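Asker: okay, predicted coordinates and the sequence, questions at the end:
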Amino acid sequence: MTSRKVSESQITMTELVFPNHTNQLGTLFGGQLMYWIDICASLSAEKLTGRVCVTASVDKIDFHHPVKLGDAVILLSSVNRVFNTSLEVGVKVFAQSFKEGTEQHTNSAYLTFVCVDSQGKPVKAIEAVPETNEQKRRFIEALIRRENRLKNRSIEK
């Protein structure tokens, strides 16, 4: 198989914020959320490719709203685009309070994964075919983000 639909990479993950996930203010540790984002994105990458995919980079993560003790955290991930051995996965995060009946978009993140074989060597990944207008928009924007990452990497060297 050389390609799969983007929709075949979609993952929905739900976590409950417990006391051990929070700081002294009763809000979710940023590192805990980053851990969940990485897991959710990894599942999308591996669901699409059928292979182990390792995290290569994480773009900027902004924390727009605090996530509170007792909130449900809903993470939605999907492969945006496959390049050769690498692929970009987007994750949207929502905090839902069942008590208050609210849901807020709290974070978005883009992660790059590399598809590897059983020896940990990079291998060509299966192509992700966008179908909807939203998926096509993310597909186009993923190339722009990749070009910026590569440009920034060459500047850092």
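Answerer: On my side now, so go ahead.
Asker: for the rest of this, base every contact and every neighbour count on C-alpha atoms.
Answerer: Noted.
Asker: quick one, helices of the protein?
Answerer: For the chain, the helices defined by DSSP state H occupy 30-49, 133-156.
Asker: and the helix or strand of the chain with the lowest mean pLDDT, what does it pack onto?
Answerer: Least confident helix or strand, the chain: helix 133-156 with a mean of 90, by mean pLDDT, DSSP states H and E. Judged by 3 or more Cα pairs under 8 Å, 6 or more residues apart in numbering; DSSP states H and E, the packing partners of helix 133-156 are strand 72-82.
Asker: and the angle from the strand it packs on to helix 30-49?
Answerer: 50 degrees (axes from the mean of the first three to the mean of the last three Cα atoms, to 10 degrees).
Asker: adjacent strands (with direction) for strand 72-82?
Answerer: Strand pairing for strand 72-82, using DSSP bridges, gives strand 11-16 (antiparallel), strand 86-97 (antiparallel).
Asker: and the first one, which residues are buried?
Answerer: For strand 11-16, the buried set under the neighbour-count rule, 16 or more other Cα atoms under 10 Å, comprises 11-14.
Asker: could you do stretch 117-128 as well?
Answerer: Buried residues in stretch 117-128, counted by 16+ other Cα under 10 Å: 122, 124-128.
Asker: tell me which two in the residues you listed are the farthest apart.
Answerer: Across the buried residues of stretch 117-128, the longest distance by Cα to Cα is 17.4 Å; it joins 122 and 128.
Asker: give me the low-pLDDT residue ranges for the protein?
Answerer: Low-confidence segments of the chain, defined by pLDDT under 70: 157.
Asker: which strand runs longest in it?
Answerer: When the chain is parsed with DSSP state E, its longest strand is strand 102-116.
Asker: report the contact partners of residue 54.
Answerer: Contact analysis of residue 54 by Cα atoms under 8 Å, 6 or more residues apart in numbering lists 42, 113-116.
Asker: same deal with residue 8?
Answerer: 47-48.
Asker: please report the distance of it from residue 117.
Answerer: Computed as Cα to Cα, to the nearest Å, the residue 8 to residue 117 distance reads 21 Å.
Asker: quick one, what contacts residue 41?
Answerer: 11, 77-78, 89-91, 111.
Asker: which one among these gets closest to residue 70?
Answerer: Distance to residue 70 across those (Cα to Cα) is lowest for residue 91, with 21.3 Å.
Asker: please report how far the residue lying closest to the closest one once chain neighbours are set aside lies from residue 99.
Answerer: Spatial nearest neighbour of residue 91, excluding adjacent residues (Cα to Cα, 6 or more residues apart in numbering): residue 77 at 4.3 Å. In this view, residue 77 and residue 99 are 25 Å apart by Cα to Cα.
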